[in-house]
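> Here you go, sequence then predicted model.
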Amino acid sequence: MSTREIVKMAMYLALFLVLDFVSNQIPIFEMPSGGSLGVGVIPLLLASYDLGFKKGSLVALLSIPLMFMTGPVWFVSFGQFALDYILSFGVYGLAVLFPTFRERSIYPLMSGIVITNALRTFFSYLSGVWYYEVPPLASLTYQLSYMVPTLILTIIVVPLISARLKRDS
């Protein structure tokens with residue numbers, strides 16, 4: 001890794017830390033048993049699109065220990081922790097692997113944003129059903145209540161910032 005890439009990774013992690021901390025201090029769409037509007041996933045998605053899936057996945061996985069510093073982390077077992085954190089957040093590093101449509105336009109359509117948010121929703125849904133023993137429909141409703149706003153936010157913000165990053169680098 002080059003010095004520039006290491007600095008970018010540190011920048012994305014610092015931005016994640018700040019955004020996650022702020023979103024925990026000013027709860028928007030915060031759920032009683034964990035989960036809230038995912039402002040912190042914006043730098044994770046940006047890292048994937050800017051640095052590629054390997055370094056983006058590393059940034060996404062390194063963000064997990066930072067969550068312990070910014071607010072409560074909910075877990076009852078390793079399996080649940082793996083679903084709700086390792087898989088749910090690690091998947092954001094893979095966003096760049098999915099096609100981007102209208103790449104040269106002012107506002108590209110990044111399918112990786114939709115797919116990674118859907119995967120996170122699915123992993124959290126499984127965690128709710130398997131480890132919290134929530135009925136399937138209730139678990140899905142719970143997850144969608146904060147993941148749909150997260151999806152909308154990331155669909156709007158990530159392409160705008162990503163286009164600016166490509167122009168400036």
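Here it is on my side, so go on.
> what's next to stretch 140-147, contact-wise?
29-31, 33, 35-38, 117, 120-121, 124-125, 128, 134 (CB atoms under 8 Å, 6 or more residues apart in numbering). Every residue, glycine included, has its C-beta placed from N, CA and C.
> Where does L160 sit, in terms of helix or strand?
Taking DSSP states H and E as the criterion, L160 maps to helix 136-168.
> Report the buried residues of that helix.
Residues of helix 136-168 classed as buried: 139-140, 142-143, 146-147, 150-151, 153-154, 158-159, 162-163 (neighbour count, 16 or more other CB atoms under 10 Å).
> could the residues you listed go into TSV alongside distance to R4 and pLDDT?
Formatted as TSV, those follow (distance: CB to CB, whole Å; pLDDT from 0 to 100):
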residue	distance to R4	pLDDT
S139	42	95
L140	42	97
Y142	41	93
Q143	37	93
Y146	35	90
M147	33	93
T150	29	94
L151	31	95
L153	28	95
T154	25	96
V158	21	93
P159	23	91
S162	17	87
A163	20	80
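> Leaving out sequence neighbours, find the closest residue to L15.
What sits nearest to L15 in space, not counting adjacent residues and going by CB to CB, 6 or more residues apart in numbering, is P43, at 4.1 Å.
> Ok, S63 next?
Using CB to CB, 6+ apart, the closest residue to S63 is F16 (4.8 Å).
> contacting residues for that neighbour?
40, 43-44, 59, 63, 66.
> let's see it at 7 Å
Residues in contact with F16, defined by CB atoms under 7 Å, 6 or more residues apart in numbering, are 40, 43-44, 63, 66.
> still on that earlier bit, where does the residue nearest to L15 land in three-state SS?
At P43 the chain is in helix, as set by DSSP: H, G, I helix; E, B strand; the rest coil.
> Just the pLDDT at it, thanks.
Per-residue pLDDT puts P43 at 97.
> Count the neighbours of it for me.
For P43, the neighbour count with other CB atoms under 10 Å is 26.
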